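> Dropping a prediction and its sequence here:
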Amino acid sequence: MRDFKGKKDSRDFKGKRPRGKMMMRRKVCRFCAEYIDIDYKDANLLRNFVTERGKILAGRITGVCSKHQRILTDAIKRARVLALVPFVNIY
Ligand SMILES: [Zn+2]
């Protein structure tokens, strides 16, 4: 139902986002899907959720749900104290 002649109808593009950031599929939370326990001692797992500079990645980037993101953040912070995950990585 698109009418290209005549007035522009912005509703045509609702939810389509013709331009902008890459079209991202909604990722499903890994911890919900695979029933993984977030363990602060599991440095290899936690490293997937920090940048190479050591920052914690936002849940909207990794696809982790808010519940698990909160647990994950606590786990990463705890792991940092134990020096399993770096506070900052300087190259
Ligand atoms: Zn989850």
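In hand now; what should we look at? Residues are numbered from 1 along each chain as shown.

> for the longest helix seen in the chain, what is the average pLDDT?
If you go by DSSP state H, the chain has its longest helix at helix 66-81. Computed over helix 66-81, the mean pLDDT rounds to 96.

> Make 18 the first number, not 1, from now on.
Noted, 18 is the first residue going forward, which turns the last one into helix 83-98.

> Now do the buried residues in that helix.
Going by neighbour count (16 or more other CB atoms under 10 Å), the buried part of helix 83-98 is 85-86, 89, 92-93, 96-97. (Each C-beta comes from the backbone N, C-alpha and C, glycine too.)

> which strands and helices sit next to that helix?
Packing partners of helix 83-98 (3 or more CB pairs under 8 Å, 6 or more residues apart in numbering; DSSP states H and E): helix 47-51, helix 60-64, helix 76-79.

> The same query, at a cut-off of 7 Å, please.
helix 60-64 (3 or more CB pairs under 7 Å, 6 or more residues apart in numbering; DSSP states H and E).

> averaged over its residues, what pLDDT does the helix it packs on have?
Mean pLDDT, computed over helix 60-64, is 95.
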